[in-house]
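Colleague: The sequence and its predicted three-dimensional model are supplied below.
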Amino acid sequence: MSKQFHYHIKRIRFDENYQPSDSTRITTNFANLARGEHRQENLRKALRMIDSRLNALAHWDNPNGERYQIELDIVSVDIDVEGRGDHFPSIEILQTHILDRVAGKRLAGIVGNNLSSYVRDYDFSVLLREYNQNRAGFSVPEQFGDLHGKLFQDFIHSDTYKQHFNKPPVICLSVSDNKIYQRSANQHPVLGVEYLPNESSLTEQYFKRMGLNVRYFMPPNSVAPLAFYFFGDLLSDYTNLELIGTISTMETFQRIYRPEIYNANSVAGDHYQPDLTHPDHSLTQITYDREERSQLAIKQGKFAEEHFIKPYQRILKEWSANWA
């Protein structure tokens with residue numbers, strides 16, 4: 001039987017007073033917003049954008065567009081490999097809650113949304129870079145993402161996850177700028193029009209090792225599709241309001257971080273290839289340093305190598321081989 005790892009969950013509210021903890025990856029979307037002299041203004045504007053989109057999508061019985069408000073919790077998951085109380089920051093995800101002002105209720109939304117992981121930084125920014133350093137063409141190491149995928153699934157199937165969350169996670173990401181997406185005839189009232197990719201990407205393959213399937217939808221009044229990674233059945237396992245909470249949150253982040261795609265001044269057509277150099281887009285006036293973020297990913301990948309991959313190499317290798 002495979003060794004059992006222990007998981008510990010911490011929560012912190014993402015609001016205009018949010019300040020990243022010492023263990024938060026500073027490349028994380030929400031942490032990046034909460035830095036610098038404009039941090040509070042950034043956070044206030046981002047939350048206002050989320051609420052505005054939330055009410056626009058949940059428009060029924062909502063004549064003034066003010067019925068709902070989003071609440072976001074940053075869920076930090078630490079892993080204790082040896083059971084001695086030494087914790088390594090495994091992943092960070094977001095959980096949405098939706099405040100219904102009319103009904104006076106606080107409704108649990110979807111957990112997941114954003115995915116932050118030191119081990120993923122190691123895989124993409126350290127392992128993959130070093131593997132391709134002296135190669136003529138780009139290639140991927142055998143078993144790439146295997147450990148990360150198993151660690152993620154182990155947490156999702158753990159008693160800790162089941163004690164805190166009643167549904168599987170959904171991760172919502174940007175589409176890939178090196179793929180072409182074809183508009184389909186399938187349309188969902190909240191998720192919108194489904195797009196089909198022309199080929200699989202490295203990100204898709206990486207998330208498949210995490211046990212996740214992917215579908216691409218462009219929600220109503222959006223300009224580009226989003227990638228939804230999920231277990232089970234995305235369209236029937238979640239309520240419309242739960243899906244709206246995720247869409248409004250993650251589309252807002254993408255409008256800030258990928259304005260060339262998600263704040264473009266034209267809507268994706270039947271054949272769509274995202275373009276991060278697309279000049280015809282609008283900015284959100286929220287401060288964000290994309291170049292710094294990519295540089296920090298390497299630093300944080302090295303941190304994972306030094307404090308997790310190398311110290312626990314023997315245990316992780318044995319655990320991974322026996323994991324089921």
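Modeller: Arrived safely.
Colleague: which residue sits farthest out from the middle of the chain?
Modeller: residue 136 (32.1 Å; CA atoms, centre = their mean).
Colleague: pLDDT score assigned to that one?
Modeller: Residue 136 is assigned a predicted lDDT (pLDDT) of 80.
Colleague: Now do the SS call for it.
Modeller: Assigned state for residue 136: coil (three-state reduction, DSSP: H, G, I helix; E, B strand; the rest coil).
Colleague: Just checking, which helix or strand of the chain averages the lowest pLDDT?
Modeller: Least confident helix or strand of the chain, by mean pLDDT, DSSP states H and E, is helix 29-33 with a mean of 59.
Colleague: how far away is residue 199 from residue 95?
Modeller: 32 Å (CB to CB, to the nearest Å). Placement of C-beta: from N, CA and C, glycine included.
Colleague: nope, residue 40 is what I was after
Modeller: From residue 40 to residue 95 the distance is 22 Å (CB to CB).
Colleague: Look at those two and report which has more neighbours.
Modeller: residue 95 (21 against 15; other CB atoms under 10 Å).
Colleague: Check which residues of the helix or strand hosting that one are buried.
Modeller: Using DSSP states H and E, residue 95 maps to strand 88-100. Using 16 or more other CB atoms under 10 Å as the burial criterion, the residues of strand 88-100 that qualify are 88, 89, 90, 91, 92, 93, 94, 95, 96, 98, 99, 100.
Colleague: Output the below-cut-off pLDDT ranges for the stretch 1-150 of the chain.
Modeller: 1-3, 20-38 (pLDDT under 70).
Colleague: Based on its surroundings, how many neighbours for residue 83?
Modeller: For residue 83, the neighbour count with other CB under 10 Å is 10.
Colleague: Isn't it up against residue 6?
Modeller: Yes - between residue 83 and residue 6 there is a contact under CB atoms under 8 Å: 5.8 Å.
Colleague: Helices of this structure, start to end?
Modeller: In the chain, the helices defined using DSSP state H lie at 29-33, 39-57, 118-122, 128-131, 146-156, 159-164, 202-209, 240-257, 259-262, 290-304, 313-322.
Colleague: out of the ones you listed, nearest to residue 178?
Modeller: Across these, residue 178 has its closest neighbour in helix 202-209 (9.6 Å, CB to CB).
Colleague: residues making contact with the closest one?
Modeller: 120, 123, 140, 144-146, 148-150, 171, 173, 176, 197, 214, 227, 229 (CB atoms under 8 Å, 6 or more residues apart in numbering).
Colleague: Let me know the closest of those to residue 111.
Modeller: Closest to residue 111, out of all of the contacts of helix 202-209 and judged by CB to CB, is residue 171, at 9.9 Å.
Colleague: Looking at the closest residue to residue 121 other than its chain neighbours now. What's its pLDDT?
Modeller: Nearest non-adjacent residue to residue 121, counting by CB to CB, 6 or more residues apart in numbering: residue 301, 3.9 Å away. Looking at residue 301, its pLDDT reads 90.
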